[in-house]
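# Turn this into a structure:
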Amino acid sequence: MDIQFNKNEDEQKLAWGTVKKQLEKIHEGGGKKAIEKQKEKNKLVARERIAYLCDADKPFIEIGAFAGFGMYEEYGGCPAGGTVSGVGYVSGRQCVIVANDQTVKAGAWFPITGKKNLRMQEIAMENHLPVIYIVDSAGVFLPMQDEIFPDKEHFGRIFRNNAKMSAMGITQIAAVTGACVAGGAYLPIMSDETLMVEGAGSIFLAGPYLVKAAIGEDADAETLGGAATHNELSGIADYKFKTEEECLDRVKRIISKLGKPKSAGFDRIASVAPSKNPTDIYGIIAADNSKPYDVLDIINSIVDADSFDEYKQDYGKTIVCGYARVDGWAIGIVANQRLIVKSKKGEMQLGGVIYNDSADKAARFIMNCNQKKIPLVFLQDVTGFMVGSRSEHSGIIKDGAKLVNAVANSVVPKITIITGNSYGAGNYAMCGKAYDPRFIYAWPGAKIAVMGGEQAAKTMLQIQVAGMKAKGQEVSAEDEKIILDKIIDKYLSQTKAQYAASRLWVDAIIDPADTRKIISEGIAAADHNPDIAEFKVGVFQV
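Here you go, the predicted model:
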């Protein structure tokens, strides 16, 4: 191992260490005092509920832990979007789990909470996974009601999805461990089965205060909508329990009796360890994405040993394509290449730029994977498409459109890992969030933006300075530097993986060494949905 490898390794571990510290803070939810209040009421917190529910010997892949990170600070923040969620195993069955975190503003719904919950329902629908809701929420966060209530992708869409999933035959179980108020009351009732904890769970359209204000009636929460009321009088709930543990035990029993899921039929054989240690990934790529590397080294740290068969090895070298296996699952890989290669003209860095031939190769390979029903994995480290008159004359837009067309119309599951840069149209062509990957993850050093920080800052500087000069202002070289530094600082903060994860542009920031496990679990989830459409591509220039 060389000096650069060791330096990369130290930087990557430091970057992941920073993410872990941030996650530790996020995991505290609303803080120690709020957690103590839960304990005083003999209630578990969201993460404890999920840990109790899930099989201890199987992975739980948390989705959206960074949701809301650095947002809503004027309201005291919203750690994890006030909801803990992910894909885990309950009684041996892979499930989507969504748990309100009552320690965060009483589990109230912020705009990002709605977005996160809709994302979890999307994952359930795309992969035909059962959903378990652990409900403990005060409803919409009223100071921001206009950003969460009325629009197509706001709060109400969740209940629409409840109905759609039911029609699709997707099991939904609601464990009501706390309040379930107003519009939120529809979620457990639109689930297949509703379980309630006595003395803690409650379901009603209006709480005691609103009832008093609206019709003058005095009624406490238990009378209005407690476990006894809904199990004995209204018939809304199906079970009641003395403790949360008893409630969650029954959820496990319900899930254990579900019929066997159908399979998409993705090929899987016995798993083989990679030829490289997965932890070698730390030393391959610099945390700041500044150094060239061979993406084949990353691939060989992820895929089963001797399983990678490269496609068109000597053509379109800025994208590597090939068939492989991850944990036994057959996959197709599309990966950006950052290697330095030698040619007659000397050394050239393949800096994650997509050229005509690379786009052409990748589009053809994606079509092949759809023809063969092989899931696709995209390893993104892309600075965009090649620019300049030579590329334009060669039809780079045409070839780029061909690739985008193939990605957009792909019907097999797509899993995207942003390992480095994700800039401009390269983000789209390599299956960014807008192109419906089943799952999309980022490494700690990932950067997502319309273009690189330096280029963007210089472009914005030129525009700003030109505007100032047009108003007759004098701008010195020193003034320009001050302006440029401010632009760069702001721009770079918006390109970080944390910024993307806080807005759910990616599902999670992951430990690079866990990439293999993450991909395997993603394909296992996708294999539950047998409904793969016929692959068709639209009109494109040839």
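# CA atoms for contacts and neighbours, from now on please.
Will do.
# who's in contact with the helix or strand hosting residue 11?
Following DSSP states H and E, the helix or strand that holds residue 11 is helix 3-27. Helix 3-27 has contacts (C-alpha atoms under 8 Å, 6 or more residues apart in numbering) with 47, 65-66, 79-80, 280-287, 444-445, 509, 511.
# what do you get for stretch 69-78?
Contacts for stretch 69-78 (C-alpha under 8 Å, 6+ apart): 30, 68, 79-81, 104-105, 110, 498-499, 501-502.
# End to end on that stretch, go ahead and measure it.
7 Å (C-alpha to C-alpha, to the nearest Å).
# Low-confidence bits of this protein, can you list those?
Counting by pLDDT under 70, the chain contains low-confidence ranges at 1, 341-350, 393, 395, 452-454, 456, 541-542.
# Please identify the residue most distant from the middle of this structure.
residue 472 (47.7 Å; C-alpha atoms, centre = their mean).
# quick one: it from residue 459, how far?
20 Å.
# Now residue 432: closest residue in space that isn't a chain neighbour?
The shortest distance from residue 432 to any non-neighbouring residue, by C-alpha to C-alpha, 6 or more residues apart in numbering, is to residue 416 (7.2 Å).
# ranges for the strands of the stretch 51-200 of the chain?
Secondary structure of the stretch 51-200 of the chain (DSSP state E, counting those that start in this stretch): strands at 61-62, 83-90, 93-100, 131-137, 172-181, 193-197.
# Helices of the stretch 251-400 of the chain, start to end?
281-284, 295-302, 356-372, 389-393, 396-409 (DSSP state H, counting those that start in this stretch).
# Also the stretch 401-542 of the chain?
Going by DSSP H, counting those that start in this stretch, the stretch 401-542 of the chain shows helices at 424-429, 453-470, 477-493, 497-502, 515-526.
# Could you dump those into TSV and include distance to residue 223?
Output for these, formatted as TSV (distance: least, C-alpha to C-alpha, whole Å):
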stretch	distance to residue 223
helix 424-429	53
helix 453-470	59
helix 477-493	50
helix 497-502	39
helix 515-526	41
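# Could you identify which of the ones you listed is most buried?
Among the helices of the stretch 401-542 of the chain, helix 497-502 has the highest mean neighbour count (mean count of other C-alpha atoms under 10 Å), at a mean of 24.
# what does that one contact?
Against helix 497-502 from outside (C-alpha under 8 Å, 6+ apart): 64, 66-71, 442-448, 493-494, 506-509.
# thinking again about what came up before, in terms of contact, does the residue nearest to residue 432 touch residue 381 like I think?
No. Using C-alpha atoms under 8 Å, residue 416 makes no contact with residue 381, being 10.9 Å away.
# Compare those two (neighbour count), which wins?
residue 381 (29 against 26; other C-alpha atoms under 10 Å).
# quick revisit: following the chain past the helix holding residue 11, name the next helix or strand.
Following helix 3-27 toward the C-terminus (DSSP H and E): helix 32-40.
# list the buried ones in that following helix?
34-35 (16 or more other C-alpha atoms under 10 Å).
# Figure out how far it is from the centre of its chain.
Mean C-alpha position of helix 32-40 versus that of the full chain (C-alpha atoms, centre = their mean, to the nearest Å) differs by 29 Å.
# tell me the angle the helix holding residue 11 makes with strand 83-90.
110 degrees (axes from the mean of the first three to the mean of the last three C-alpha atoms, to 10 degrees).
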